[in-house]
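J.: What would the 3D arrangement of this be:
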Amino acid sequence: MKRILIILFLVCCSAFGQQKSLKALVGGTLIDGFGATPIKNSVIIIENDKIKAVGTTKTLKVPANAEVISTEGMSVLPGLWDMHVHTMINGHADYTYWDKTYPPLLEDVIMPSSAEQLLMAGVTSARDLGGPLKESISVRDRINKGEIPGATLYVSGPFIQKKPYPGTEAFRWGINGAEDAKKKIKKLADAGVDCVKLIDQDQMTTTELKAVVDTAHKYNLKVVAHGHRPQEIRAGLTANVDCFEHTGLSSAPRYPDDVMDAIKERTAQMNLGPLFWCPTVEGLYNYEYVRDNGEHLDNDSWHRGLHDTIITDIKNSFAHKDRLPYFQLTPLRKPTLETKIKQLMDAGVVLMIGTDSGIPMKFHSQSTWNELDVWVNEFGIDPMYAIKAATYWPSVWMGVSDKVGTITEGKFADIIAVKGDVLRHVNLLQDVDMVIKHGKRYK
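T.: Alright, predicted model coming up:
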(Lines give C-alpha, C1' and ligand atoms only; values in the text may rest on other atoms or scores of the structure.)
Protein backbone atom coordinates (compact mmCIF):
# COMPACT_ATOMS: atom_id res chain seq x y z
CA MET A 1 0.00 0.00 0.00
CA LYS A 2 2.86 2.36 0.84
CA ARG A 3 4.45 1.66 -2.53
CA ILE A 4 1.15 2.33 -4.34
CA LEU A 5 0.74 5.66 -2.51
CA ILE A 6 4.27 6.72 -3.47
CA ILE A 7 3.58 5.86 -7.13
CA LEU A 8 0.31 7.82 -7.08
CA PHE A 9 2.10 10.75 -5.49
CA LEU A 10 4.80 10.74 -8.17
CA VAL A 11 2.19 10.50 -10.95
CA CYS A 12 0.30 13.47 -9.51
CA CYS A 13 3.52 15.48 -9.21
CA SER A 14 4.38 14.64 -12.80
CA ALA A 15 0.94 15.71 -14.04
CA PHE A 16 1.18 18.92 -12.04
CA GLY A 17 4.61 19.64 -13.52
CA GLN A 18 3.34 19.06 -17.04
CA GLN A 19 0.39 21.35 -16.42
CA LYS A 20 2.65 24.15 -15.25
CA SER A 21 5.03 23.64 -18.20
CA LEU A 22 2.25 24.38 -20.73
CA LYS A 23 1.46 28.03 -21.44
CA ALA A 24 -0.81 29.73 -23.97
CA LEU A 25 -0.37 33.36 -25.01
CA VAL A 26 -3.78 34.34 -26.31
CA GLY A 27 -5.23 37.34 -28.11
CA GLY A 28 -2.36 39.62 -29.12
CA THR A 29 -1.10 40.79 -32.50
CA LEU A 30 1.85 38.59 -33.42
CA ILE A 31 4.90 39.99 -35.22
CA ASP A 32 6.77 36.74 -35.80
CA GLY A 33 10.11 38.17 -36.93
CA PHE A 34 9.96 37.21 -40.61
CA GLY A 35 8.59 40.61 -41.65
CA ALA A 36 5.20 39.49 -42.99
CA THR A 37 1.78 40.93 -42.09
CA PRO A 38 1.17 40.63 -38.33
CA ILE A 39 -1.22 37.93 -37.14
CA LYS A 40 -4.27 39.26 -35.28
CA ASN A 41 -5.82 37.39 -32.33
CA SER A 42 -2.80 35.11 -32.15
CA VAL A 43 -2.33 32.02 -30.03
CA ILE A 44 1.11 30.72 -29.08
CA ILE A 45 1.38 27.41 -27.23
CA ILE A 46 4.56 26.97 -25.20
CA GLU A 47 5.57 23.60 -23.81
CA ASN A 48 8.53 23.62 -21.45
CA ASP A 49 11.15 25.80 -23.18
CA LYS A 50 9.89 25.49 -26.77
CA ILE A 51 7.12 26.87 -28.94
CA LYS A 52 4.75 24.00 -29.63
CA ALA A 53 2.24 25.67 -31.94
CA VAL A 54 1.34 29.06 -33.42
CA GLY A 55 -2.08 30.06 -34.75
CA THR A 56 -5.11 32.20 -34.04
CA THR A 57 -8.07 31.97 -31.73
CA LYS A 58 -10.03 30.54 -34.69
CA THR A 59 -7.46 28.01 -35.87
CA LEU A 60 -5.70 26.79 -32.72
CA LYS A 61 -7.41 25.31 -29.68
CA VAL A 62 -5.92 26.13 -26.31
CA PRO A 63 -5.22 22.95 -24.29
CA ALA A 64 -7.43 22.63 -21.24
CA ASN A 65 -4.45 22.22 -18.90
CA ALA A 66 -2.49 25.22 -20.21
CA GLU A 67 -1.76 28.32 -18.18
CA VAL A 68 -3.54 31.01 -20.22
CA ILE A 69 -1.74 34.35 -20.41
CA SER A 70 -3.81 37.06 -22.07
CA THR A 71 -2.01 39.22 -24.62
CA GLU A 72 -5.14 41.11 -25.65
CA GLY A 73 -4.29 44.64 -26.72
CA MET A 74 -0.60 43.77 -26.98
CA SER A 75 2.04 43.40 -29.67
CA VAL A 76 3.78 40.04 -29.30
CA LEU A 77 7.20 39.60 -30.89
CA PRO A 78 10.41 37.57 -30.62
CA GLY A 79 12.79 38.47 -27.86
CA LEU A 80 15.05 41.25 -29.08
CA TRP A 81 18.72 40.90 -29.91
CA ASP A 82 21.39 43.54 -29.34
CA MET A 83 24.34 42.68 -31.55
CA HIS A 84 26.85 45.02 -29.94
CA VAL A 85 27.01 45.19 -26.15
CA HIS A 86 29.81 45.46 -23.62
CA THR A 87 28.78 43.68 -20.43
CA MET A 88 32.09 44.57 -18.77
CA ILE A 89 31.14 48.26 -18.62
CA ASN A 90 27.95 49.95 -17.47
CA GLY A 91 27.79 53.63 -18.36
CA HIS A 92 30.83 54.83 -16.41
CA ALA A 93 32.44 57.81 -18.15
CA ASP A 94 36.08 57.15 -17.18
CA TYR A 95 37.33 54.01 -18.91
CA THR A 96 40.88 54.24 -17.51
CA TYR A 97 39.59 54.42 -13.95
CA TRP A 98 37.02 51.66 -14.57
CA ASP A 99 39.60 49.30 -16.07
CA LYS A 100 41.87 49.74 -13.05
CA THR A 101 39.15 49.50 -10.40
CA TYR A 102 36.60 46.88 -11.39
CA PRO A 103 38.28 43.80 -12.92
CA PRO A 104 37.88 41.82 -9.64
CA LEU A 105 34.10 42.38 -9.80
CA LEU A 106 33.53 41.69 -13.52
CA GLU A 107 32.77 37.98 -13.33
CA ASP A 108 30.46 37.91 -10.32
CA VAL A 109 28.87 41.38 -10.28
CA ILE A 110 29.33 43.67 -13.29
CA MET A 111 28.85 41.30 -16.23
CA PRO A 112 25.96 39.32 -14.66
CA SER A 113 24.16 42.56 -13.82
CA SER A 114 24.56 43.77 -17.40
CA ALA A 115 23.16 40.52 -18.76
CA GLU A 116 20.17 40.63 -16.44
CA GLN A 117 19.45 44.28 -17.27
CA LEU A 118 19.40 43.35 -20.96
CA LEU A 119 16.96 40.53 -20.29
CA MET A 120 14.58 42.70 -18.29
CA ALA A 121 14.62 45.21 -21.16
CA GLY A 122 13.34 42.50 -23.52
CA VAL A 123 16.75 41.61 -24.97
CA THR A 124 16.82 37.82 -24.76
CA SER A 125 20.03 37.44 -26.84
CA ALA A 126 23.10 39.65 -27.20
CA ARG A 127 26.51 39.63 -28.85
CA ASP A 128 29.11 40.69 -26.27
CA LEU A 129 32.00 42.20 -28.23
CA GLY A 130 35.16 42.65 -26.22
CA GLY A 131 35.85 41.41 -22.70
CA PRO A 132 38.25 39.32 -20.64
CA LEU A 133 38.21 35.73 -21.89
CA LYS A 134 37.67 33.70 -18.72
CA GLU A 135 35.01 36.00 -17.33
CA SER A 136 33.12 36.21 -20.64
CA ILE A 137 32.98 32.44 -21.01
CA SER A 138 32.03 31.97 -17.34
CA VAL A 139 29.10 34.41 -17.39
CA ARG A 140 27.81 33.07 -20.73
CA ASP A 141 27.92 29.49 -19.52
CA ARG A 142 26.30 30.20 -16.15
CA ILE A 143 23.42 31.91 -17.94
CA ASN A 144 23.07 28.97 -20.32
CA LYS A 145 22.98 26.54 -17.40
CA GLY A 146 20.26 28.57 -15.67
CA GLU A 147 22.48 29.43 -12.71
CA ILE A 148 21.98 33.18 -13.17
CA PRO A 149 19.36 35.17 -15.12
CA GLY A 150 20.38 37.05 -18.22
CA ALA A 151 20.20 37.40 -21.95
CA THR A 152 21.76 34.52 -23.88
CA LEU A 153 25.25 35.82 -24.63
CA TYR A 154 27.39 35.17 -27.67
CA VAL A 155 30.86 36.28 -26.65
CA SER A 156 34.00 37.25 -28.52
CA GLY A 157 36.38 37.42 -25.59
CA PRO A 158 39.22 39.92 -26.01
CA PHE A 159 39.45 42.49 -28.80
CA ILE A 160 42.00 41.50 -31.44
CA GLN A 161 44.06 44.48 -32.58
CA LYS A 162 47.57 45.45 -33.63
CA LYS A 163 48.55 46.86 -30.25
CA PRO A 164 46.51 47.05 -27.00
CA TYR A 165 45.95 50.41 -25.40
CA PRO A 166 48.01 50.76 -22.17
CA GLY A 167 46.31 49.09 -19.22
CA THR A 168 43.83 47.07 -21.32
CA GLU A 169 45.93 43.97 -21.99
CA ALA A 170 43.53 41.76 -20.01
CA PHE A 171 40.82 42.18 -22.62
CA ARG A 172 42.73 43.41 -25.70
CA TRP A 173 45.21 41.12 -27.42
CA GLY A 174 47.88 42.52 -29.70
CA ILE A 175 49.00 40.81 -32.90
CA ASN A 176 52.68 40.60 -33.82
CA GLY A 177 53.02 38.71 -37.06
CA ALA A 178 50.91 36.10 -38.83
CA GLU A 179 51.98 33.18 -36.64
CA ASP A 180 51.09 35.12 -33.50
CA ALA A 181 47.69 35.89 -35.03
CA LYS A 182 47.05 32.21 -35.74
CA LYS A 183 48.03 31.21 -32.19
CA LYS A 184 45.83 33.81 -30.55
CA ILE A 185 42.78 32.99 -32.67
CA LYS A 186 43.31 29.28 -31.94
CA LYS A 187 43.46 30.11 -28.23
CA LEU A 188 40.11 31.89 -28.50
CA ALA A 189 38.61 28.99 -30.47
CA ASP A 190 39.89 26.44 -27.95
CA ALA A 191 38.37 28.49 -25.12
CA GLY A 192 34.97 28.33 -26.85
CA VAL A 193 34.23 31.88 -27.99
CA ASP A 194 31.30 32.44 -30.36
CA CYS A 195 32.94 34.98 -32.69
CA VAL A 196 36.04 37.15 -33.06
CA LYS A 197 36.10 40.93 -32.48
CA LEU A 198 38.66 42.68 -34.69
CA ILE A 199 39.53 46.39 -34.49
CA ASP A 200 42.16 48.69 -35.99
CA GLN A 201 42.67 46.18 -38.80
CA ASP A 202 44.02 48.97 -40.97
CA GLN A 203 47.05 49.05 -38.66
CA MET A 204 47.84 45.37 -39.30
CA THR A 205 49.84 44.06 -42.20
CA THR A 206 47.90 42.34 -44.93
CA THR A 207 49.44 39.04 -43.86
CA GLU A 208 48.46 39.52 -40.22
CA LEU A 209 44.91 40.46 -41.10
CA LYS A 210 44.53 37.52 -43.45
CA ALA A 211 45.84 35.20 -40.72
CA VAL A 212 43.27 36.51 -38.22
CA VAL A 213 40.28 36.13 -40.55
CA ASP A 214 41.32 32.87 -42.23
CA THR A 215 42.15 31.19 -38.91
CA ALA A 216 38.83 32.29 -37.40
CA HIS A 217 36.97 30.91 -40.42
CA LYS A 218 38.97 27.68 -40.15
CA TYR A 219 37.44 27.23 -36.69
CA ASN A 220 33.96 28.26 -37.91
CA LEU A 221 34.13 31.59 -36.10
CA LYS A 222 32.79 34.70 -37.79
CA VAL A 223 34.76 37.93 -37.58
CA VAL A 224 33.24 41.24 -36.48
CA ALA A 225 35.32 44.26 -37.51
CA HIS A 226 35.27 47.97 -36.77
CA GLY A 227 34.23 50.23 -39.63
CA HIS A 228 35.26 53.57 -38.14
CA ARG A 229 37.81 54.56 -40.78
CA PRO A 230 37.55 54.14 -44.54
CA GLN A 231 40.76 52.12 -44.58
CA GLU A 232 39.37 49.79 -41.89
CA ILE A 233 36.43 49.09 -44.21
CA ARG A 234 38.65 48.62 -47.26
CA ALA A 235 40.94 46.22 -45.38
CA GLY A 236 38.01 44.34 -43.85
CA LEU A 237 36.30 43.85 -47.21
CA THR A 238 39.53 42.59 -48.76
CA ALA A 239 40.01 40.13 -45.89
CA ASN A 240 36.37 38.97 -46.07
CA VAL A 241 35.25 39.86 -42.54
CA ASP A 242 31.65 38.91 -41.71
CA CYS A 243 30.23 42.06 -40.14
CA PHE A 244 31.15 45.72 -39.65
CA GLU A 245 30.41 47.90 -36.63
CA HIS A 246 29.78 51.66 -36.23
CA THR A 247 29.56 54.48 -38.75
CA GLY A 248 32.90 56.23 -38.26
CA LEU A 249 34.76 58.26 -35.66
CA SER A 250 35.23 61.30 -37.88
CA SER A 251 32.94 64.12 -38.91
CA ALA A 252 33.34 63.28 -42.59
CA PRO A 253 29.81 63.60 -44.00
CA ARG A 254 29.77 60.50 -46.21
CA TYR A 255 31.61 57.28 -46.94
CA PRO A 256 34.06 57.83 -49.83
CA ASP A 257 32.90 56.76 -53.27
CA ASP A 258 35.51 54.02 -53.60
CA VAL A 259 34.40 52.52 -50.27
CA MET A 260 30.79 52.51 -51.41
CA ASP A 261 31.80 50.92 -54.71
CA ALA A 262 33.61 48.18 -52.81
CA ILE A 263 30.60 47.62 -50.53
CA LYS A 264 28.28 47.35 -53.55
CA GLU A 265 30.68 44.92 -55.17
CA ARG A 266 30.54 42.80 -52.01
CA THR A 267 26.74 42.86 -51.68
CA ALA A 268 26.46 41.81 -55.33
CA GLN A 269 28.27 38.56 -54.52
CA MET A 270 25.30 36.59 -53.24
CA ASN A 271 27.36 33.42 -53.04
CA LEU A 272 29.01 35.06 -50.02
CA GLY A 273 25.66 35.78 -48.38
CA PRO A 274 24.53 39.20 -47.08
CA LEU A 275 26.97 41.84 -45.86
CA PHE A 276 25.95 42.67 -42.29
CA TRP A 277 26.51 45.93 -40.42
CA CYS A 278 25.65 47.32 -36.96
CA PRO A 279 25.70 51.12 -37.24
CA THR A 280 25.36 51.73 -33.44
CA VAL A 281 24.06 55.28 -33.80
CA GLU A 282 21.87 56.05 -30.78
CA GLY A 283 24.66 56.77 -28.31
CA LEU A 284 25.91 59.52 -30.61
CA TYR A 285 22.60 60.74 -31.97
CA ASN A 286 21.06 61.18 -28.50
CA TYR A 287 24.11 62.66 -26.78
CA GLU A 288 23.06 66.31 -26.93
CA TYR A 289 19.61 65.46 -25.61
CA VAL A 290 21.14 63.45 -22.77
CA ARG A 291 23.60 66.24 -22.03
CA ASP A 292 20.90 68.89 -21.80
CA ASN A 293 18.14 66.80 -20.22
CA GLY A 294 19.18 63.43 -18.90
CA GLU A 295 16.34 62.78 -16.47
CA HIS A 296 16.30 59.17 -17.65
CA LEU A 297 19.76 58.74 -16.13
CA ASP A 298 17.96 58.70 -12.76
CA ASN A 299 15.87 55.70 -13.84
CA ASP A 300 16.93 52.91 -11.49
CA SER A 301 16.56 50.18 -14.13
CA TRP A 302 20.35 50.29 -14.59
CA HIS A 303 20.92 49.78 -10.87
CA ARG A 304 19.78 46.14 -11.04
CA GLY A 305 22.47 43.83 -9.70
CA LEU A 306 24.91 46.60 -8.77
CA HIS A 307 26.07 47.60 -5.30
CA ASP A 308 25.20 51.09 -4.07
CA THR A 309 28.87 52.08 -4.13
CA ILE A 310 29.15 51.14 -7.83
CA ILE A 311 25.94 53.02 -8.66
CA THR A 312 27.26 56.13 -6.92
CA ASP A 313 30.60 55.80 -8.67
CA ILE A 314 28.91 55.59 -12.09
CA LYS A 315 26.69 58.60 -11.33
CA ASN A 316 29.62 60.70 -10.18
CA SER A 317 31.56 59.90 -13.35
CA PHE A 318 29.14 61.91 -15.47
CA ALA A 319 28.34 64.69 -12.99
CA HIS A 320 29.38 67.12 -15.74
CA LYS A 321 27.82 65.58 -18.82
CA ASP A 322 28.94 68.44 -21.04
CA ARG A 323 32.62 67.99 -20.22
CA LEU A 324 33.11 64.35 -21.18
CA PRO A 325 36.00 63.99 -23.67
CA TYR A 326 34.29 60.93 -25.18
CA PHE A 327 31.54 63.09 -26.73
CA GLN A 328 33.25 66.37 -27.65
CA LEU A 329 33.26 65.65 -31.38
CA THR A 330 29.80 64.08 -31.32
CA PRO A 331 27.80 67.21 -32.30
CA LEU A 332 29.81 67.35 -35.54
CA ARG A 333 29.33 63.63 -36.15
CA LYS A 334 25.59 63.62 -35.52
CA PRO A 335 24.52 64.89 -38.98
CA THR A 336 26.59 62.17 -40.66
CA LEU A 337 24.78 59.25 -39.04
CA GLU A 338 21.58 59.22 -41.07
CA THR A 339 23.47 59.85 -44.32
CA LYS A 340 25.78 56.90 -43.74
CA ILE A 341 22.97 54.55 -42.72
CA LYS A 342 21.10 55.47 -45.89
CA GLN A 343 24.26 54.93 -47.95
CA LEU A 344 24.61 51.43 -46.51
CA MET A 345 20.93 50.58 -47.03
CA ASP A 346 21.05 51.83 -50.62
CA ALA A 347 24.09 49.62 -51.21
CA GLY A 348 22.21 46.51 -50.13
CA VAL A 349 23.82 46.04 -46.72
CA VAL A 350 21.74 44.18 -44.10
CA LEU A 351 21.64 46.34 -40.98
CA MET A 352 21.31 44.84 -37.51
CA ILE A 353 20.47 46.46 -34.20
CA GLY A 354 23.57 46.95 -32.09
CA THR A 355 24.14 49.74 -29.62
CA ASP A 356 27.62 49.78 -28.04
CA SER A 357 25.66 49.48 -24.80
CA GLY A 358 27.75 50.20 -21.73
CA ILE A 359 29.59 53.25 -23.11
CA PRO A 360 29.38 56.47 -21.06
CA MET A 361 25.80 57.23 -19.94
CA LYS A 362 24.43 54.33 -22.00
CA PHE A 363 22.89 51.55 -19.98
CA HIS A 364 21.97 47.99 -20.87
CA SER A 365 18.42 48.61 -19.68
CA GLN A 366 17.88 51.47 -22.14
CA SER A 367 20.16 51.32 -25.18
CA THR A 368 18.38 48.81 -27.40
CA TRP A 369 14.98 50.51 -27.54
CA ASN A 370 16.72 53.85 -28.06
CA GLU A 371 18.49 52.48 -31.14
CA LEU A 372 15.18 51.26 -32.55
CA ASP A 373 13.59 54.63 -31.76
CA VAL A 374 16.29 56.58 -33.62
CA TRP A 375 16.08 54.29 -36.65
CA VAL A 376 12.30 54.55 -36.91
CA ASN A 377 11.36 57.96 -35.55
CA GLU A 378 14.41 60.00 -36.56
CA PHE A 379 15.68 58.28 -39.71
CA GLY A 380 12.33 57.05 -41.06
CA ILE A 381 13.34 53.40 -41.33
CA ASP A 382 10.37 51.05 -41.67
CA PRO A 383 9.44 49.65 -38.23
CA MET A 384 9.18 46.10 -39.55
CA TYR A 385 12.68 46.38 -41.04
CA ALA A 386 13.97 47.58 -37.66
CA ILE A 387 12.28 44.77 -35.75
CA LYS A 388 13.60 42.19 -38.21
CA ALA A 389 17.05 43.73 -37.68
CA ALA A 390 16.63 43.04 -33.97
CA THR A 391 15.22 39.52 -34.24
CA TYR A 392 15.53 37.46 -37.42
CA TRP A 393 18.78 38.74 -38.96
CA PRO A 394 20.87 38.47 -35.76
CA SER A 395 19.86 34.83 -35.36
CA VAL A 396 20.87 34.21 -38.97
CA TRP A 397 24.25 35.87 -38.44
CA MET A 398 24.93 33.82 -35.31
CA GLY A 399 23.91 30.63 -37.08
CA VAL A 400 21.10 29.86 -34.63
CA SER A 401 18.03 30.77 -36.71
CA ASP A 402 16.83 27.18 -36.35
CA LYS A 403 16.59 27.74 -32.58
CA VAL A 404 15.64 31.40 -31.98
CA GLY A 405 14.98 34.71 -33.73
CA THR A 406 11.38 34.14 -34.80
CA ILE A 407 8.21 32.86 -33.16
CA THR A 408 8.05 29.52 -34.92
CA GLU A 409 7.05 26.00 -33.93
CA GLY A 410 9.97 24.06 -32.48
CA LYS A 411 12.12 27.07 -31.57
CA PHE A 412 12.93 28.25 -28.08
CA ALA A 413 10.18 30.37 -26.55
CA ASP A 414 11.98 33.71 -26.44
CA ILE A 415 9.03 36.07 -26.58
CA ILE A 416 8.24 39.61 -25.43
CA ALA A 417 5.03 41.66 -25.45
CA VAL A 418 4.12 45.32 -25.05
CA LYS A 419 0.75 46.98 -24.55
CA GLY A 420 -0.16 48.75 -27.78
CA ASP A 421 0.88 48.75 -31.43
CA VAL A 422 4.68 48.57 -31.57
CA LEU A 423 4.69 49.14 -35.34
CA ARG A 424 3.03 52.51 -34.78
CA HIS A 425 4.82 53.39 -31.55
CA VAL A 426 8.20 51.62 -31.47
CA ASN A 427 9.17 53.47 -28.29
CA LEU A 428 6.71 51.23 -26.41
CA LEU A 429 9.76 48.98 -26.18
CA GLN A 430 11.21 51.30 -23.52
CA ASP A 431 9.07 49.43 -21.00
CA VAL A 432 8.47 45.86 -22.12
CA ASP A 433 5.47 44.38 -20.32
CA MET A 434 6.29 40.69 -20.67
CA VAL A 435 9.56 38.82 -21.09
CA ILE A 436 9.69 35.07 -21.65
CA LYS A 437 13.02 33.37 -22.28
CA HIS A 438 13.23 29.64 -23.00
CA GLY A 439 9.66 29.29 -21.77
CA LYS A 440 10.29 30.93 -18.39
CA ARG A 441 8.50 34.18 -17.64
CA TYR A 442 10.85 36.76 -16.14
CA LYS A 443 8.51 39.76 -16.32
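
J.: Who are the contact partners of Thr207?
T.: When contacts are counted by CB atoms under 8 Å, 6 or more residues apart in numbering, Thr207 touches Gly177, Ala178. C-beta here means a position set from N, CA and C on the backbone, and glycine is covered the same way.

J.: With Pro112 instead?
T.: Pro112 neighbours (CB under 8 Å, 6+ apart): Val139, Arg142, Ile148, Gly150, Gly305.

J.: quick one: it and Lys419, what's the gap?
T.: 29 Å (CB to CB, to the nearest Å).

J.: What of Leu329?
T.: According to CB to CB, Leu329 and Lys419 sit 39 Å apart.

J.: Look at those two and report which has more neighbours.
T.: In this view Leu329 and Lys419 are compared by other CB atoms under 10 Å, and Lys419 has more residues nearby, 16 against 13.

J.: what about the more buried one, distance to Ile45?
T.: Taking CB to CB as the measure, Lys419 falls 22 Å from Ile45.

J.: Check Gly167 too.
T.: Look at Gly167 and Ile45: by CB to CB, they are 52 Å apart.

J.: Of those two, which one has the most company?
T.: Ile45 (22 against 11).

J.: Show residues contacting whichever strand or helix holds the more buried one.
T.: According to DSSP states H and E, Ile45 maps onto strand 42-47. By CB under 8 Å, 6+ apart, the list of residues contacting strand 42-47 from outside reads 21-30, 51-57, 59-60, 62-63, 66, 71, 76, 407, 413, 415, 436, 439.

J.: Repeat the analysis, applying 6 Å as the threshold.
T.: Contact with strand 42-47 is made by 22-26, 28, 30, 52-57, 60, 413, 439, as judged by CB atoms under 6 Å, 6 or more residues apart in numbering.

J.: Just these: which are in strands?
T.: Leu22, Lys23, Ala24, Leu25, Val26, Leu30, Lys52, Ala53, Val54, Gly55, Thr56 (DSSP state E).

J.: Count the neighbours of the second one for me.
T.: With neighbours defined by other CB under 10 Å, the count for Lys23 comes to 24.

J.: what do you get for Lys443?
T.: A count of neighbours around Lys443, defined by other CB under 10 Å, yields 14.

J.: partners of the residue nearest to it when sequence neighbours are not counted in the sheet?
T.: Spatial nearest neighbour of Lys443, chain neighbours left out: Val435 (4.1 Å); criterion: CB to CB, 6 or more residues apart in numbering. Beta-bridge pairing for Val435 (DSSP bridges): Ile416.

J.: And Val435, what's its pLDDT?
T.: Predicted confidence (pLDDT) for Val435: 98.

J.: ditto for Gly248
T.: 87.

J.: For it, which non-adjacent residue is spatially closest?
T.: In space, Gly248 is closest to His228, 5.3 Å off (CB to CB, 6+ apart).

J.: With His226 instead?
T.: Ile199 (4.3 Å).

J.: Now do the SS call for the residue nearest the centre of the chain.
T.: For the chain, Asp82 is the residue whose C-alpha lies nearest the centre (CA atoms, centre = their mean; 1.7 Å). Put simply, Asp82 is strand when judged by DSSP: H, G, I helix; E, B strand; the rest coil.

J.: And the helices in the stretch 151-300 of the chain?
T.: For the stretch 151-300 of the chain, helices defined by DSSP state H, counting those that start in this stretch occupy the ranges 178-191, 206-218, 230-239, 257-267, 282-285, 287-292.

J.: got the contact list for the residue lying closest to Glu179 once chain neighbours are set aside?
T.: For Glu179, ignoring the flanking residues on the chain, the nearest one in space by CB to CB, 6+ apart is Ala211 at 7.6 Å. By CB under 6 Å, 6+ apart, the residues touching Ala211 are Ala178, Ala181, Lys182.

J.: hmm, try it at 8 Å
T.: Residues counted as contacts of Ala211 (CB under 8 Å, 6+ apart) are Ala178, Glu179, Ala181, Lys182, Ile185.

J.: And it, how far from Gln328?
T.: 36 Å.

J.: so where is this protein shaky, pLDDT-wise?
T.: The chain contains residues with pLDDT under 70 at 1-20.

J.: again, only this time at 50
T.: Scanning the chain for pLDDT under 50 picks out 7-8, 10-19.

J.: I am assuming the residue nearest to Lys443 contacts Gln117, so please confirm or correct that.
T.: No - in this structure, Val435 is not within contact of Gln117 by CB atoms under 8 Å, at 11.8 Å.

J.: Of those two, which one has the most company?
T.: Comparing Val435 with Gln117 by neighbour count (other CB under 10 Å), the higher total belongs to Gln117, at 28 against 22.

J.: from what I can see the more buried one touches Ser301, true?
T.: Yes - if you go by CB under 8 Å, Gln117 and Ser301 touch, sitting 6.8 Å apart.

J.: Touching both of the two, which residues are there?
T.: Residues touching both Gln117 and Ser301 (CB under 8 Å, 6+ apart): Phe363, Ser365.

J.: Quick check: Lys210 vs Gly177, distance?
T.: Using CB to CB, one gets 12 Å for the distance from Lys210 to Gly177.

J.: Over to Pro230?
T.: Taken as CB to CB, the span from Pro230 to Gly177 is 25 Å.

J.: Who has more neighbours out of the two?
T.: Legend: neighbour count by other CB under 10 Å for Pro230 and Gly177, higher for Pro230 (17 against 13).

J.: isn't the more buried one right up against Tyr255?
T.: Yes - Pro230 is in contact with Tyr255 according to CB under 8 Å; the separation is 6.9 Å.

J.: so Gly236 touches Gly227, yeah?
T.: Yes - under the criterion of CB under 8 Å, Gly236 makes contact with Gly227 at 6.9 Å.

J.: who's more crowded, the two?
T.: A count of neighbours by other CB under 10 Å puts Gly227 above the other of Gly236 and Gly227, at 28 against 25.

J.: Contacts only, for the more buried one.
T.: For Gly227, the contacting residues are Ile233, Gly236, Phe244, Glu245, His246, Thr247, Gly248, Trp277, by CB under 8 Å, 6+ apart.

J.: And for Gly33?
T.: Leu77, Pro78, Ile387, Lys388, Thr391, Tyr392, Gly405, Thr406, Ile407, Thr408.

J.: Any chance of those residues in CSV with secondary structure, distance to Thr267 and neighbour count as columns?
T.: Formatted as CSV, these follow (DSSP: H, G, I helix; E, B strand; the rest coil; distance: CB to CB, whole Å; neighbours: other CB atoms under 10 Å):
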residue, secondary structure, distance to Thr267, neighbour count
Leu77, strand, 27, 27
Pro78, strand, 25, 31
Ile387, helix, 22, 25
Lys388, helix, 17, 23
Thr391, coil, 21, 29
Tyr392, helix, 18, 21
Gly405, coil, 22, 29
Thr406, coil, 23, 21
Ile407, coil, 29, 25
Thr408, coil, 27, 17
